[in-house]
Structures are given as C-alpha cells and as structure tokens.
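Novice: Would you be able to build a 3D model of this:
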Amino acid sequence: MKLITKTKIEVLIIIILSILIFIISSQIDLFEMIHEFIESHESWELDEILPVLISLSIFLLIFSVRRLLENKKALKKLEKNHMELQEAHNEIKTLSGLLPVCSKCRKIKNSEGYWQSLETYIMKHTDALITHGLCEDCVKELYGEEFLEDIKQSEDHIKE
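Specialist: Numbering: from 1, shown residues only. Okay, here's the model as predicted:
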C-alpha cells in the first residue's frame with residue numbers, strides 16, 4: 001500500500017510541476033528566455049533542447065504510471081494471499097500429533113497431564129461440537145435385536 005501511495009505522490013508531483021511550469025511560462029516569456037540563453041550558448045540549439053525536455057517529461061510520466069499499475073497488481077496479489085492465509089489460519093484449529101488415550105475409558109491426557117473425557121478434549125481443541133448416540137451394535141447389545149428393528153421402522157416412517 002505504501003508503494004502505491006509513493007507512486008501516486010510522484011505522479012501528483014509531476015502534474016503539479018507541469019502546471020506550475022505552464023503558469024510560469026504564461027507569465028514570463030519563457031521561450032524568449034530560452035532563446036536568449038541559447039543565443040548566449042550558441043553550441044546548443046532550441047530545436048535540440050525542447051524535444052529532450054518534452055520527451056523526458058513524457059518518459060517520467062509513463063514510468064510513474066507503469067509503476068503505479070505494477071504496484072496495484074502487486075497489492076491485489078498480496079491482498080489475495082492475505083485472504084487465503086487468513087482462511088487457512090481460521091481452519092487450522094485441528095488436532096495433530098500423538099494423543100495419549102486410555103484403553104479402557106477412552107479419556108485423553110491433556111498437555112497439563114490431566115485426564116479428561118474425549119468429548120471435552122475435542123471440543124476444547126477444535127471447533128467440532130460433540131453429539132451422542134448409539135451405534136447399531138451397541139443398541140443390539142443393550143436393548144436387543146427387536147428394539148433395533150423398531151427404531152429402523154420408525155426412522156423409515158419419519159423419512160416418508
């Protein structure tokens with residue numbers, strides 16, 4: 001953003017200087033002064049100096065505008081990269097590494113060395129929300145095959 005501001009300032013300075021030169025030249029007979037200067041320095045000619053000054057001004061303006069456009073393109077790329085990094089940062093809250101889990105009760109040992117439930121640990125360290133239910137095998141084990149069939153029938157009835 002600072003690069004674009006600098007380039008805008010440069011272009012503004014060139015425009016202001018051009019306007020000032022125009023105003024000064026309208027008040028003072030600039031060409032006659034230049035002509036007198038050239039007359040006193042006969043090795044220089046007006047038809048050589050003016051094109052050089054005009055082309056130098058044009059080249060400076062072209063250079064500044066080109067730099068402004070390049071800076072705008074670079075700023076857009078930086079903003080895009082920043083947005084992508086921000087999105088990636090927002091999604092990074094995930095578990096990684098080794099987690100010590102109790103083989104019997106499935107509690108997890110946290111970084112402070114305390115054992116806490118799997119649900120608490122996951123909700124604390126990720127954006128996931130935990131909900132509970134029973135898998136088909138556990139329903140069969142706890143309530144029997146008939147209860148599982150009743151649940152499936154009621155789910156099918158709800159879907160219709």
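Novice: Tell me who's in contact with the closest residue to residue 106 other than its chain neighbours.
Specialist: Across the structure, with C-beta to C-beta, 6 or more residues apart in numbering as the measure, the residue nearest residue 106 apart from its sequence neighbours is residue 118 (5.2 Å). C-beta: built from backbone N, CA, C; applies to glycine. With C-beta atoms under 8 Å, 6 or more residues apart in numbering as the criterion, the residues that contact residue 118 are 101, 106, 107, 108.
Novice: Can you tell me which of those residues are buried?
Specialist: When burial is judged by neighbour count using 16 or more other C-beta atoms under 10 Å, the buried members of those are 107, 108.
Novice: In a markdown table, list the contacts of residue 118 along with distance to residue 158, secondary structure and pLDDT.
Specialist: What follows is these, written out as a markdown table (distance: C-beta to C-beta, whole Å; DSSP: H, G, I helix; E, B strand; the rest coil; pLDDT from 0 to 100):
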| residue | distance to residue 158 | secondary structure | pLDDT |
| --- | --- | --- | --- |
| 101 | 35 | strand | 86 |
| 106 | 31 | coil | 82 |
| 107 | 35 | coil | 88 |
| 108 | 35 | strand | 87 |
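Novice: between the contacts of residue 118, which is closest to residue 8?
Specialist: Proximity of the contacts of residue 118 to residue 8, judged by C-beta to C-beta, is greatest for residue 108, which lies at 55.7 Å.
Novice: who touches that closest one in this structure?
Specialist: Residues near residue 108 by C-beta under 8 Å, 6+ apart: 99, 100, 101, 102, 115, 116, 117, 118, 121.
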